[in-house]
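*Asks:* sequence below, structure please.
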Amino acid sequence: MILYHFWGQWFTFIICLALLFLTIEDLYQQQAHSNYLWPINLLLYIQKYNCVSFYLLISISLLSWWLIVYRKALGSGDYPILILLLLDLSYIQFAWAILLATGLAFFFFFKIPHQPRIAFIPFLSFSWLIIKLFT
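*Replies:* Numbers count the residues shown, from 1 in each chain. This is a model prediction of the structure:
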């Protein structure tokens with residue numbers, strides 16, 4: 001049913017498949033080869049370009065790289081997915097997606113305490129899917 005819903009929107013369907021692949025890869029290997037999302041991000045940026053999105057993109061990029069490089073709180077595979085969510089969703093939807101993904105990750109982390117690090121890409125993908133289906 002989900003695949004039928006996205007079939008009419010080919011670009012959304014491609015994003016859905018890419019996020020599904022990255023989710024499975026991150027769950028089983030604790031790493032994600034998300035470099036192939038950059039062409040998708042570039043197409044989304046060209047499609048939705050404006051000055052505000054550029055400044056927000058720079059702000060989110062700097063914050064993400066600070067969390068990846070200095071804090072080691074995010075993996076480098078999470079960065080292209082955050083940019084994808086920022087470019088594909090509206091600003092309010094992006095905020096809700098981050099809030100939902102973080103809340104689900106906290107719930108999962110405290111429910112299953114034996115894992116020192118959890119994969120964040122499945123939570124980002126799930127929140128993107130929920131936002132796309134219900135808005």
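*Asks:* for whatever helix or strand Leu17 lives in, which outside residues touch it?
*Replies:* Using DSSP states H and E, Leu17 sits in helix 10-29. Helix 10-29 is contacted from outside by 2-3, 6-7, 31-34, 36-37, 40, 43, 77, 81, 84, 88, 119-122, 124-126, 128-129, 132, using Cβ atoms under 8 Å, 6 or more residues apart in numbering. C-beta coordinates here come from the backbone N, C-alpha and C atoms, glycine included.
*Asks:* list the buried ones in it?
*Replies:* Of the residues in helix 10-29, 15-16, 18-19, 22-23, 25-26 count as buried by neighbour count, 16 or more other Cβ atoms under 10 Å.
*Asks:* leaving out sequence neighbours, find the closest residue to the residue nearest the centre of the chain.
*Replies:* For the chain, the residue nearest the mean C-alpha position is Ile81 (3.5 Å; Cα atoms, centre = their mean). The shortest distance from Ile81 to any non-neighbouring residue, by Cβ to Cβ, 6 or more residues apart in numbering, is to Leu124 (5.1 Å).
*Asks:* could you export the one helix or strand that neighbour maps to as CSV, CA atoms only?
*Replies:* Assigning secondary structure by DSSP H and E places Leu124 in helix 121-134. What follows is helix 121-134, C-alpha atoms only, in CSV (Å, rounded to 0.1, in the frame of the first residue of the first chain):
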residue,chain,number,x,y,z
ILE,A,121,18.9,6.8,10.3
PRO,A,122,16.0,4.4,10.9
PHE,A,123,14.3,7.0,13.2
LEU,A,124,14.9,9.8,10.6
SER,A,125,13.5,7.6,7.9
PHE,A,126,10.5,6.6,9.9
SER,A,127,9.8,10.2,10.9
TRP,A,128,10.1,11.3,7.2
LEU,A,129,7.6,8.6,6.2
ILE,A,130,5.1,9.6,8.9
ILE,A,131,5.3,13.2,8.0
LYS,A,132,4.9,12.5,4.3
LEU,A,133,1.9,10.2,4.9
PHE,A,134,0.0,12.3,7.3
